[in-house]
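Colleague: Let's see this in three dimensions:
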Amino acid sequence: MIKIAPSILSADFAYLGRDVEAIATADYVHFDVMDGIFVPNISIGIPVLKSIRKVTQLPIDAHLMIVQPVHYVEQFCDAGADLVTCHVEADTPENIHLALEKIHSKGKKAGVVVKPNTRAEAVLPFIKECDLILVMTVEPGFGGQKFMADMMPKVAQIRKYIDERNPACELEVDGGVDAVTCHECIKAGANVLVAGSAVYKAADIPEKIKELRG
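Modeller: Numbering: from 1, shown residues only. Next up, the predicted model:
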């Protein structure tokens with residue numbers, strides 16, 4: 001089954017509880033964390049995560065776009081994240097391995113993320129430790145960007161790696177996913193789709209979530 005993870009970065013933060021409850025038919029709540037250093041924007045953090053944990057039963061998928069995530073992953077787990085992903089570009093391989101270990105030690109799922117300019121092979125050192133791998137189909141840092149179709153061969157390559165080395169691992173894409181591009185992502189092998197604007201700008205959110213499943 002194709003899973004949908006609406007990004008609350010596109011929600012109305014004045015009514016965040018309402019907007020989190022509005023995506024109850026989805027599979028994950030995608031929670032984007034930006035530090036203004038790893039990416040050129042600052043978003044939300046642990047206090048907001050604690051708050052939304054109270055209003056949803058969905059698993060929370062925390063995407064850490066921050067430097068040295070190893071120092072923070074345990075706090076995000078304790079705040080209510082069910083899945084925490086770290087960028088392979090954000091620290092040394094040793095520290096990314098340690099971050100994944102810390103997440104698992106908290107009883108949570110862990111994964112890695114690759115930016116558009118990062119090669120598919122970058123996930124290989126971590127693949128057996130991952131419950132999910134996320135491929136960015138826009139440059140991380142801002143919502144509402146145009147989908148990068150040229151990332152689909154990378155998605156397909158990582159799907160091949162997963163099937164060969166860790167079939168239980170999920171493959172997620174994030175960036176510019178809508179009712180058209182979702183089909184390209186699914187065809188390339190993704191089974192979890194992050195969508196922000198496409199969901200939150202829809203007149204009927206549950207119907208849009210259903211449509212995005214392909």
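Colleague: ok, which stretches of the protein are strands?
Modeller: 3-6, 29-34, 60-65, 83-87, 109-114, 132-136, 170-174, 192-195 (DSSP state E).
Colleague: can you give me how far the first one is from the chain middle?
Modeller: Strand 3-6 has its average C-alpha position 9 Å from the chain's average C-alpha position, going by CA atoms, centre = their mean, to the nearest Å.
Colleague: contacts for that strand?
Modeller: Residues outside strand 3-6 that contact it (CB atoms under 8 Å, 6 or more residues apart in numbering): 23, 26-30, 61, 170, 172, 191-196, 199-200, 209, 212-213. The way it works is simple: take the backbone N, C-alpha and C, and place the C-beta from them, glycine included.
Colleague: same thing with the fourth one?
Modeller: Outside strand 83-87, the residues within contact range by CB under 8 Å, 6+ apart are 28, 38, 59-65, 69-70, 73, 76-77, 96, 99-100, 103, 108-115, 131-132, 134, 140.
Colleague: So what's the gap between that strand and the chain middle?
Modeller: With CA atoms, centre = their mean, you get 7 Å for strand 83-87.
Colleague: ok, now stretch 35-47?
Modeller: Remark: stretch 35-47 is offset 15 Å from the chain centroid, using CA atoms, centre = their mean.
Colleague: go on, stretch 20-39?
Modeller: For stretch 20-39, the distance to the chain centre is 7 Å (CA atoms, centre = their mean).
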